[in-house]
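1. how would this look folded up:
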Amino acid sequence: PTPSPPPPPPPTPSPPPPMPPPPPPPPPPRAPAVPLTSGTFKLSRSNELATGLTLSTSYSLSFTITPNMIQAGWGSIAHVTTDGNCCNYGHRSPAIWFFPNTRTLYVVDGHPSNGNDEVCSGSERPTLEKDITYLIEVVSHPDSTTLLVDGVTRCHDARAGDREVLHDVKVYFSDPWYSPADAEVSDVIMTGLLLSSPPPSPPPRAPAVPLTSGTFKLSRSNELATGLTLSTSYSLSFTITPNMIQAGWGSIAHVTTDGNCCNYGHRSPAIWFFPNTRTLYVVDGHPSNGNDEVCSGSERPTLEKDITYLIEVVSHPDSTTLLVDGVTRCHDARAGDREVLHDVKVYFSDPWYSPADAEVSDVIMTGLLDSPSPPP
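-> All right, here's what the predicted structure looks like:
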């Protein structure tokens, strides 16, 4: 018989389907958030919120801001820097201003190729409105920087991927090189800090020692305490209700070792009204300058008649801060060379000037190494 034909060859198997493309990598995660402030404060020149930080190549800065009046010059808001204003890498990482005569944001986030690289092009720059609170975020990765306002991306700019870790970083709100923007800020937060723990909190205040009971009118040579020993971190606080303006210097408070001026310890601190005003003149001396004013001219607070204010002067070895009603109005660096002061007197007001026309209460000091007995 004729043999059967060979069976047909098995069908050629279909090629395997192509592998699906890998999913795009997720965006780099943000590092843990580190708050740098508590409460709301008014922007002031040279207000250093943190120092000695180490910043990774992916980081962010966020804060809320409520703008007030427009100013003629550049209005500094925030400045993160290694050691200067401009224009090396690290000098503006980031830095934020209002353009002169506007509330339009100028945002720079430098990198090794350009230490002064603006994030937004001209038409993208956001303009903020007076008395409205905004959330501002600058988010930086090695290959990009993004500006968000109220969670919405307003600008996105490429970077070359050549960022390097930055060391000994300072955070200013606002910086030492420009006038502060007229605005209030809160909730300043950074990510990308290469610290095993958040930056250290300010040194704790020592136990509070009241020096008065009740309200009194300022009078010349009114000595509230004597023979005190004052540590290198201390504070003086009191409430004050101003009355009439006077022609000369109006003495309010004077903490001194043995005189009016100008050795270290003569004004630690001392407070007056400028002549013919209710504008505060606040001095907190140190070994390098026993008569060093805390506020610059434009920062000096002016008080109103018949309104009661809480005044606080908080001094540490490296800084002095003036607060009015709990809001930082001035912050000034010190050299860290303070020494313990002995045989200290506290006057409200002092023997050398006419007393300011005002009523005072609740005089409290911290940082006393020998606490006096409370007043009867």
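
2. ok, residue 120 to residue 61 distance?
-> To residue 61, residue 120 is 15 Å away according to Cβ to Cβ, to the nearest Å. (C-beta placed from N, C-alpha, C; glycine too.)

3. So which of the two has more stuff around it?
-> Using other Cβ atoms under 10 Å as the criterion, residue 120 and residue 61 rank with residue 61 on top: 24 against 19.

4. Who are the contact partners of the more buried one?
-> Residue 61 sits next to 78, 80, 94, 137, 138, 171, 188, 189, 190 when contact means Cβ atoms under 8 Å, 6 or more residues apart in numbering.

5. if I look at the fifth one, how far off is residue 54?
-> In this case it means residue 138. According to Cβ to Cβ, residue 138 and residue 54 sit 18 Å apart.

6. So between the two, which is more surrounded?
-> Between residue 138 and residue 54, counted using other Cβ under 10 Å, residue 138 has the larger neighbour count: 24 against 13.

7. Would you agree residue 326 is in contact with residue 309?
-> No: look at residue 326 against residue 309 with Cβ atoms under 8 Å: they stay out of range, at 10.3 Å.

8. who's more crowded, these two?
-> Neighbour comparison, residue 326 and residue 309: the larger count goes to residue 309, with 16 against 10 (by other Cβ under 10 Å).

9. does that one have beta-bridge partners, and which?
-> Beta bridges link residue 309 to residue 240, judged by DSSP bridges.

10. Distance check, it against residue 330.
-> With Cβ to Cβ as the criterion, residue 309 and residue 330 are 14 Å apart.

11. can you check residue 340 too?
-> Going from residue 340 to residue 330 by Cβ to Cβ gives 25 Å.

12. Then residue 245?
-> 22 Å.

13. repeat for residue 170
-> On the measure of Cβ to Cβ, residue 170 and residue 330 end up 18 Å apart.

14. quick revisit: give me the more crowded residue out of residue 340 and residue 330.
-> The neighbour count for residue 340 versus residue 330, taken as other Cβ under 10 Å, is higher for residue 330 (24 against 12).

15. what's the closest non-adjacent residue to the more buried one?
-> Spatial nearest neighbour of residue 330, chain neighbours left out: residue 295 (3.7 Å); criterion: Cβ to Cβ, 6 or more residues apart in numbering.

16. And for residue 110?
-> Spatial nearest neighbour of residue 110, excluding adjacent residues (Cβ to Cβ, 6+ apart): residue 92 at 4.7 Å.

17. And the helix or strand hosting residue 343, what does it pack against?
-> Element membership for residue 343, per DSSP states H and E: strand 341-347. Counting contacts by 3 or more Cβ pairs under 8 Å, 6 or more residues apart in numbering; DSSP states H and E, strand 341-347 packs against strand 223-242, strand 250-256.

18. what comes up buried for the first one?
-> By neighbour count, and taking 16 or more other Cβ atoms under 10 Å as the criterion, the buried residues in strand 223-242 are 224-225, 228, 230-242.

19. now do stretch 94-110
-> Neighbour-count burial for stretch 94-110, counted by 16+ other Cβ under 10 Å, picks out 94-98, 103-110.

20. Next: stretch 298-313.
-> Within stretch 298-313, the residues scored as buried using 16+ other Cβ under 10 Å are 299, 300, 301, 303, 309, 311, 312, 313.
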